[in-house]
Each structure stands twice: as C-alpha cells, then as structure tokens.
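**Q** Need coordinates for the below:
(one chain, ligands or ions: 3)
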Amino acid sequence: MPSLKEDVSIGNLGSLQTLPDSFTWKFTAADSALPLSSSAVEESIPVIDLSDPDVITLIGNACKTWGAFQISNHGIPQKLLNDIESLSKTLFDIPSEKKLEATSSDKGVSGYGEPRIASFFERKMWSEGFTIADGSYRDHFLTLWPHDYTKYCGIIEEFKGKMENLASRLLSWILGSLGVTVDDIEWAQKLENSGSKVGRGAIRLNHYPVCPEPERAMGLAAHTDSTILTILHQSNTGGLQVFREETGWVTVEPVPGALVVNIGDLFHILSNGKIMSVVHRARVNQIRSRISIAYLWGGPAGDVEIRPIPKIVGPAESALYRPITWNEYLRIKYEVFDKAFDAIRAVNPTN
Ligand SMILES: C=C1C[C@]23C[C@@]1(O)CC[C@H]2[C@@]12CCC[C@@](C)(C(=O)O1)[C@H]2[C@@H]3C(=O)O
Ligand SMILES: O=C(O)CCC(=O)C(=O)O
Ligand SMILES: [Fe+2]
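**A** Ligands and ions are numbered 1, 2, ... in the order given. Sure thing, here's the model as predicted:
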C-alpha cells in the first residue's frame, strides 16, 4: 500500500487522527525528560520583575545558570500581545492551500513554512510558522488578507518597534551583569543614540496544532537561536523546554503577561563564552493547540561585526571567536548548524 506520509502538508496537521511515520521521533530516557506540567515545574527558569532594584544581578544570575529567564513588568502592552496572538491564530486558521501561497521563496526569508532548522533533522516537526525577516512579509499579508492587510501590518510594525526597544534595554542589563556597558560596544552605542532604529530583528509566528501522539512527536527540535537574544510570547499553553546540563529538559510554564528571554549565539560570542546560548525546543500536546511568537534580535544592521567585547576578554584571556556579521553567522549556521561555534573559533587567539 502506498504510504500516505508524502501527502501530509504542514498546513493541516491539526486535522490528522494518527501520527504519520515521517513525524515520529525516537526519544531516549534522557531526551524525553520530565513530562509536561509535572515535576518539570519544580525547577525552572526564574521570573524577573524588571522594576526590581536588583534587576542586573537577577538577570546576570539567570543568564549564567540557565541562559534564559521570564520577565514581568516589561512594558509591552498586553493588548499588543493579544493582538499579535490573534493575528497568528487568524493566519494559521486560513485553509492550507491559501497559506501555501504565502510560502517563503527562500529559507530564512519572510513567509509561511517549516522552521529553517528543518533540513538538519530526518523527522518532520509538528508545527507550522510564518517568518517576518524583511519587508516582503507585506506582500504575503496582502495575499492572505486583501482586506485586513493594513491592520495586520500595523500590528507587526508596532510589535517590532516595542520589542526592539525592550531588547536594547535587556542588552544593557546583561552587559551590566558582566561588568561592561553599551559604551564598550561601538554599535550598541549607536543603537542607543538612535532610539534603536538601526537594529535588525526577525519575528517568527509558531503554531503547534493538537497532536494525536505527542509523546512521539516534536514541535520544534532542539536548537539555539542565532540571535543576540530572543524574546518570546507563548500562549497560555506550555510546550517550551530549555536544556540545562545539570537538570536535563525543563518546562517553561507560561506565566500570564510574562515574556521569555533566551540568550542566543551572538551573545555567547560577545561575552567571549561567559554566557552560553540556551538549547531549547517545543513539545506538543493532545488537548490544545499552541501559539508562540518569537522576536529574534540580531543586533546591528548592515555589515557591523560582532566580536568578543575587548573589556570582557581582558588582558589575561584570548578572544575565542573571530569577528562576524549576523548575515555571515546565519550563513555558517545554516551550513553546519550545531558546529557553528567551531567554524568561527579564532585561529590565532589574541586579546
Ligand atoms: C533571522 C533568523 C533567525 C532564524 C533564522 C532566520 O533567518 C529566520 C527565522 C529564525 C528561526 C525562527 C525559529 C527557530 C529558528 C532556529 C529557525 O529555524 O528559524 C530561528 C533561526 C535562528 O535563530 O537561527
Ligand atoms: O514555541 C516555542 O516555545 C519556542 C519557539 C522558538 O524556539 C523559536 O521560535 O525560536
Ligand atoms: Fe528558538
């Protein structure tokens, strides 16, 4: 009998009653970790109130221990989070054939489709998404919503502006915890002086439909983000897990109104390895579909090079990585994936 698996489209996973072969993952005991919403919540990333006078210390500890934390009192209006979540729901509710008309022409550029990391895994992930990496998302929105196009583009632009601002504030605090300031990074000063208008960020709308066999499926496979940092809004359904050597996989339970912050690869480079980028993934469930919205902040636009901050490297250490632009880093990451740090290690380390 011919296998049905090739006919499965990511656009209508939620309607499937069985898990197709191509979507089944093998989990080892260590891999499957702590089940969702059980003991996994006993130890998890901290929730940090950004108005806390000790914010720098709290953020610094969270970065060193987990590479991730949740934030409250972040200043992003709840209405904007609700609006972008309902925009995402509306988008993923569109019939599959129509969504496919908005497919990204090239991996990593704006449009509908699988996550960019998909090509590094043999098995398919139980999710669909829409990436907003440049202005071409507007053409796709026009295809999807000829009438509500302006309204939806407005939500995206407002979200982008506010998130970029928050990302900049977080950068200052994390740098503060490492004993440096934005004045120690030339491009970061420019970002601050310009009210953060020269930065570069992508948005990924993720949808994880209900799954007939969640224990054998993977929503989004383990990865680190290539970014400086990522700010994530998750709907009230959990699924995000972060990995910590000492603990294994740990679930990040949604806290109403809070956002999740993940340290990305470029921060690892900036900190000369003092802070790790956090390995994370998304699991799925049988009862409720889940939406998450990631703001992936790549720092400076253009050909600005990211390098280990000299003041962090100090006289006694060597810079572990060579200078690199975000575009170049993305190119390397999507050639060698989890070997990207090895590929950019400084040949003759200097300080
Ligand atoms: C700017 C980017 C970061 C990203 C790759 C991309 O070119 C656009 C999509 C981003 C995203 C979102 C989901 C998870 C992720 C690992 C992926 O597959 O696509 C990230 C990428 C990344 O951080 O490398
Ligand atoms: O859906 C999630 O919780 C994780 C999403 C994510 O890791 C990403 O978009 O980079
Ligand atoms: Fe991620």
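**Q** With adjacent residues omitted, what lies nearest to E335?
**A** What sits nearest to E335 in space, not counting adjacent residues and going by C-beta to C-beta, 6 or more residues apart in numbering, is A343, at 7.9 Å. Backbone N, C-alpha and C define where each C-beta goes, glycine included.
**Q** Retrieve the pLDDT associated with that neighbour.
**A** At A343 the predicted local distance difference test score is 97.
**Q** That one contacts R331, correct?
**A** No: judged on C-beta atoms under 8 Å, A343 makes no contact with R331 at a distance of 10.3 Å.
**Q** which residues of the stretch 51-200 of the chain fall in helices?
**A** The residue ranges that make up the helices of the stretch 51-200 of the chain, judged by DSSP state H, counting those that start in this stretch, are 55-65, 78-93, 96-100, 137-144, 149-177, 186-193.
**Q** Please tabulate the ones you listed in a markdown table, including the columns distance to ligand 2.
**A** Output for those, formatted as a markdown table (distance: least, C-beta to the nearest ligand atom, whole Å):
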| stretch | distance to ligand 2 |
| --- | --- |
| helix 55-65 | 17 |
| helix 78-93 | 11 |
| helix 96-100 | 18 |
| helix 137-144 | 16 |
| helix 149-177 | 13 |
| helix 186-193 | 22 |
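**Q** List just the one of these that sits closest to V278.
**A** Within the helices of the stretch 51-200 of the chain, the stretch nearest V278 is helix 55-65; the backing value is 9.1 Å (C-beta to C-beta).
**Q** what about the closest one, average pLDDT?
**A** When pLDDT is averaged along helix 55-65, the result is 98.
**Q** ok, L81 to G219 distance?
**A** 20 Å (C-beta to C-beta, to the nearest Å).
**Q** Hmm, I typed the wrong one, I wanted A29.
**A** Look at A29 and G219: by C-beta to C-beta, they are 20 Å apart.
**Q** Those two - which one has more neighbours?
**A** When A29 and G219 are compared on other C-beta atoms under 10 Å, the one with more neighbours turns out to be G219, at 24 against 7.
**Q** so where's the chain uncertain?
**A** Under the criterion pLDDT under 70, the flagged ranges of the chain are 1-7, 32-42, 107-108, 191-199, 348-351.
**Q** Would you mind naming what in it lies close to ligand 2?
**A** Applying the criterion C-beta under 6 Å from any ligand atom, the portion of the chain that neighbours ligand 2 consists of 204, 206, 220, 225, 230, 232, 234, 239-240, 280, 282, 292, 294.
**Q** Out of those, who's the most crowded?
**A** In terms of neighbour count, T230 stands highest of the residues of the chain next to ligand 2 at 28 neighbours, by other C-beta under 10 Å.
**Q** Next secondary structure after the helix or strand hosting that residue?
**A** Assigned by DSSP states H and E, T230 falls within strand 229-234. Following strand 229-234 in sequence order, the next helix or strand is strand 240-244 (DSSP H and E).
**Q** residues in contact with that next one?
**A** 33, 40, 45, 65-68, 222, 232, 234, 249-252, 260, 262, 278-283, 292 (C-beta atoms under 8 Å, 6 or more residues apart in numbering).
**Q** Filter the residues you listed down to the ones in strands?
**A** Secondary structure assignment (DSSP state E) places 68, 222, 232, 234, 249-251, 260, 262, 280-282, 292 from those within strands.
**Q** Adding distance to G129, write the residues you listed out as CSV.
**A** Conversion of these to CSV gives the following (distance: C-beta to C-beta, whole Å):
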residue, distance to G129
A68, 20
A222, 16
L232, 13
Q234, 14
W249, 21
V250, 23
T251, 21
V260, 17
N262, 16
H280, 15
R281, 14
A282, 11
S292, 9
